[in-house]
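Asks: need the 3D shape of this:
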Amino acid sequence: PLVVSCAASTRSVQLELPTGIDQHMVDLPVGVPDVEIQLSADVDLDLKLVDSSGTCVVGFGCTFDQGCAHEEDYCISFEGMQIFFTGDGKEEAIKVKGATTTTLSINVTAPGKKGGF
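Replies: Got it, this is the predicted structure:
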């Protein structure tokens with residue numbers, strides 16, 4: 001997993017992901033303010049927000065898998081948190097407005113081809 005500080009920071013990391021396997025990236029404890037995770041890749045990837053029970057909350061194939069219309073539109077509400085998700089593609093982002101109210105994890109998957117493409 002990535003190690004990040006509690007202070008606002010930006011990290012860039014190059015990763016090689018095995019196809020089709022969820023990779024745990026970072027845990028977010030209760031109280032982390034204004035989370036913003038962005039990933040970009042040369043191929044499709046799936047950024048996922050997972051709760052402490054293992055339920056995939058936001059991301060491709062999750063409870064909320066549709067992107068928000070605009071970056072300032074936090075269109076997902078979960079456990080009292082307002083969440084923005086870009087949707088599926090080569091560049092994905094998840095943002096949580098305000099502090100996290102429950103423990104969350106960020107996972108990423110390199111799914112390879114989808115839908116027979």
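Asks: residues near Val96, how many?
Replies: 24 (other C-beta atoms under 10 Å). (Each C-beta comes from the backbone N, C-alpha and C, glycine too.)
Asks: host element of it?
Replies: strand 89-99 (DSSP states H and E).
Asks: likewise Glu36?
Replies: Counting by DSSP H and E, Glu36 is part of strand 33-51.
Asks: mind checking how far the helix or strand following the strand holding Val96 is from the chain centre?
Replies: Going down the chain from strand 89-99, the next helix or strand is strand 104-109, by DSSP H and E. The chain centroid and the centroid of strand 104-109 are separated by 6 Å under C-alpha atoms, centre = their mean, to the nearest Å.
Asks: what is strand 104-109 packed up against?
Replies: strand 23-28, strand 33-51 (3 or more C-beta pairs under 8 Å, 6 or more residues apart in numbering; DSSP states H and E).
Asks: quick revisit: pull the CA atoms of the strand holding Glu36 into CSV?
Replies: Extracted as CSV, the C-alpha positions of strand 33-51 are listed here (Å, rounded to 0.1, in the frame of the first residue of the first chain):
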residue,chain,number,x,y,z
PRO,A,33,-10.5,15.6,5.5
ASP,A,34,-11.1,16.3,1.8
VAL,A,35,-9.7,13.1,0.2
GLU,A,36,-8.8,13.3,-3.4
ILE,A,37,-7.4,10.3,-5.3
GLN,A,38,-6.6,10.6,-9.0
LEU,A,39,-5.1,7.9,-11.3
SER,A,40,-4.2,8.0,-14.9
ALA,A,41,-2.9,5.2,-17.1
ASP,A,42,-2.1,4.3,-20.7
VAL,A,43,-4.9,1.7,-20.6
ASP,A,44,-8.3,1.4,-18.8
LEU,A,45,-8.1,1.1,-15.0
ASP,A,46,-10.7,0.9,-12.3
LEU,A,47,-10.4,3.0,-9.2
LYS,A,48,-12.6,1.7,-6.3
LEU,A,49,-13.7,3.0,-2.9
VAL,A,50,-14.3,0.1,-0.5
ASP,A,51,-15.8,0.2,3.0
